[in-house]
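Q: show me the folded form of this:
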Amino acid sequence: MMKILKNLLILNAFYILLQCYCYTNADCYRRQYKQLSGGFNVIIKTGFTPVFNKMKVADKYMCSRWCATERFCHVWRFDNNEFCQIFHSMKDIITVSASLPGTMQTYYITDEDDQWFKVYFVKSGSGFAVLPSFLGEGPYESWGPATCTRTYCPDLFRSFLIDVWSDLPLQKVKLSLYKNNVEVAFMIFDGQGTNSSDWFSMSRVLDSPWKDVYKGAKNMYFSLFWKWSWRTFYAAKSQGGCVVDKGWIIVVGWNNICNWEKQFSYPYIIYSNKTEGIQWNGGHPFADSLAIYMSF
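A: Okay, here's the model as predicted:
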């Protein structure tokens, strides 16, 4: 069994390198893992058959290497110092518990500063419906292009941890916008005591590049989905008509009323590149993608 696992690791590693060459270098950096805090562990929901079977391994490092060869493995668990369970982040159905028998250790992939875990990513112009894909509403196939499957999709990623958001030892949430693979805007929120629908709030803002975004600011409009429009992750400073609307971030999901919202492909992401909110009608930069991160 160990020999078979080693051979599979070698073959999968070659496959990942080939995909990195063919598609993007984003998945080719050295992976770093961090243990989930507070004794919490990810487990497969009762009655669900996981994508990957549990295997006996020599140590947790072999478990991490196995996960690293699978594109959609971002979380893995090492049980009783001998068994490895890796998870498919978009297909497996999971629960989270802090009271499990035996010795279990759950690890998750982190970014380069060893702090943030990516739970969502969408590319501008990809055709995906942002809010349903973030919240997991409806079947996966209804979120966007049928050609983008959960086997490989460079335009969308959604982690199963969004489904157990309120059960996690969550500390902070970060929304980041990217252009040419460089972060151009961000907001960091207090994630304690939140769920997947209520964390995006001005009252929870901890940090951002804008001087007029701060905890306790009044008369601001923050919403995952703004009523009467297709605006999501809506962070507005003022509104009162197309020519006076002002803000920091909007993800536009459809051909709305305002001229500055009309584009050839959706979703598209606009943001303020100034030190404060800008008037959208006066021109605005576009971001290539949006990502949501958790910190435990």
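Q: quick check: which ranges of this structure have low pLDDT?
A: Scanning the chain for pLDDT under 70 picks out the ranges 1-30, 100-102, 112, 146-152, 218-219, 227-229, 255.
Q: which parts of it are helices?
A: In the chain, the helices defined using DSSP state H lie at 2-22, 60-68, 130-135.
Q: list the buried residues for stretch 180-193?
A: Across stretch 180-193, burial judged by 16 or more other Cβ atoms under 10 Å covers 184-191. From N, CA and C alone the C-beta is placed, and that goes for glycine too.
Q: where do the strands sit along the stretch 151-296 of the chain?
A: 156-158, 172-179, 182-190, 205-207, 221-225, 231-238, 246-252, 268-271, 278-279, 286-287, 289-295 (DSSP state E, counting those that start in this stretch).
Q: find the centremost residue of the chain, please.
A: By Cα atoms, centre = their mean, the mean C-alpha position of the chain lies nearest to Tyr120, the distance being 1.8 Å.
Q: residues in contact with it?
A: 133-134, 157-159, 162, 290-292 (Cβ atoms under 8 Å, 6 or more residues apart in numbering).
Q: show me which of those residues is closest to Lys172.
A: Set against Lys172, the nearest of those by Cβ to Cβ is Ile292 (11.4 Å).
Q: and that closest one, what does it touch?
A: Going by Cβ under 8 Å, 6+ apart, Ile292 touches 118-121, 134, 173-176.
Q: ends of stretch 143-162, what's the gap?
A: One end of stretch 143-162 sits 16 Å from the other (Cα to Cα, to the nearest Å).
Q: actually stretch 197-210, sorry about that
A: Taking Cα to Cα, stretch 197-210 runs 23 Å from one end to the other.
Q: with stretch 98-107 instead?
A: End-to-end distance for stretch 98-107: 14 Å, by Cα to Cα.
Q: in that stretch, which residues are buried?
A: Buried positions in stretch 98-107, judged by neighbour count with 16+ other Cβ under 10 Å: 104-107.
Q: quick one: these as CSV, columns for distance to Gly144 too.
A: Converted to CSV, these look like this (distance: Cβ to Cβ, whole Å):
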residue, distance to Gly144
Met104, 35
Gln105, 35
Thr106, 30
Tyr107, 30
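Q: which of these fall in strands?
A: Taking DSSP state E as the definition of strands, the buried residues of stretch 98-107 contribute 104-107.
Q: between these, which is nearest Trp199?
A: For those, the closest approach to Trp199 (Cβ to Cβ) belongs to Thr106, at 21.9 Å.
Q: wait, the closest one sits on Leu36?
A: Yes - assessed by Cβ atoms under 8 Å, Thr106 is found in contact with Leu36 at 4.4 Å.
Q: between those two, what contacts are shared?
A: The contact sets of Thr106 and Leu36 overlap at Val42 (Cβ under 8 Å, 6+ apart).
Q: wait, Leu168 sits on Val96?
A: Yes - assessed by Cβ under 8 Å, Leu168 is found in contact with Val96 at 6.0 Å.
Q: common neighbours of those two, please.
A: With contacts taken as Cβ under 8 Å, 6+ apart, Leu168 and Val96 have Phe40 as neighbours in common.
Q: what separates Gln279 from Ser176, distance-wise?
A: Gln279 is 23 Å from Ser176, where distance means Cβ to Cβ, to the nearest Å.
Q: tell me which of those two has more neighbours.
A: Taking neighbours as other Cβ atoms under 10 Å, Gln279 and Ser176 compare with Ser176 leading, 19 against 16.
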